[in-house]
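**Q** Structure, please.
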Amino acid sequence: MSKMQVAAFIGIGANLGDAQASVQQAIQRLAQLPGTALRAQSSLFLSAPVDALGDDYVNAVVELSTALSALDLLRALQELELAFGRERPYRNAPRTLDLDLLLYADQSIHTEELTVPHPRMTERAFVLLPLLQLDPFICIPGKGEAHQFAPGVAAQAIRKLA
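**A** Down below sits the predicted model:
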């Protein structure tokens, strides 16, 4: 009997090397995770770093259908970051690839290793805008409808890439 599939939303970002190619390759790799399929992907966006220095980020959000547990999915995301050369020399350092588990079904998860929904997703245009592009009516567990947070991020520099 196969495990139940759940919807998971992943935030993707990169600002080192060929960031656009890294994001596109990461999307392909996410679709190849065990028991996982790519349901939808947002446009690519270019955004200024938030609480950080460095070049602009290329960002996207994908919706996956996965049989992986939230923790197994997190570990797969971290392995993929490492495969792309991700280093963590300091908080908010520039990144070859950043993968964040934003939402996992309608679950609220609070462990030492994982917090879902992602704690800062409602404060980041580079997360909210691509997420709302995929589902304008999506709800964030414990917070409400995602679109209500869009005015709060309107001043953040972000633009859709062609």
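**Q** how many neighbours does the residue lying closest to K3 once chain neighbours are set aside have?
**A** Excluding the flanking residues, the one nearest K3 by Cβ to Cβ, 6 or more residues apart in numbering is A67, at 3.9 Å. C-beta: built from backbone N, CA, C; applies to glycine. A count of nearby residues for A67, using other Cβ atoms under 10 Å, gives 16.
**Q** mind listing what A67 touches?
**A** S2, K3, M4, Q5, V6, P34, G35, T36 (Cβ atoms under 8 Å, 6 or more residues apart in numbering).
**Q** Please repeat the previous calculation with a cut-off of 6 Å.
**A** K3, Q5, G35 (Cβ atoms under 6 Å, 6 or more residues apart in numbering).
**Q** Likewise for A31?
**A** Counting by Cβ under 6 Å, 6+ apart, A31 touches L38.
**Q** shift numbering so it begins at 14
**A** Got it, the first residue is 14 from now on, which makes the last one we talked about A44.
**Q** Retrieve the pLDDT associated with the residue nearest to K16.
**A** Listed pLDDT for A80 reads 97.
**Q** Next one: it from R133, what distance?
**A** 27 Å (Cβ to Cβ, to the nearest Å).
**Q** continuing past the helix or strand I23 falls within, what's the next helix or strand?
**A** For I23, the element it lies in under DSSP states H and E is strand 19-27. Per DSSP H and E, the first helix or strand lying C-terminal to strand 19-27 is helix 32-44.
**Q** got the buried residues for that following helix?
**A** Of all the residues in helix 32-44, those buried under the rule 16 or more other Cβ atoms under 10 Å are A32, S35, V36, Q37, Q38, A39, I40, R42, L43.
**Q** One more: stretch 64-78?
**A** Quick answer for stretch 64-78 (16+ other Cβ under 10 Å): D69, Y70, V71, N72, A73, V74, V75, E76, L77.
**Q** Over to stretch 41-59?
**A** So for stretch 41-59, counting by 16+ other Cβ under 10 Å, buried means R42, L43, L46, T49, L51, R52, Q54, S55, L57, F58, L59.
**Q** neighbours around A168, how many?
**A** With other Cβ under 10 Å as criterion, A168 counts 7.
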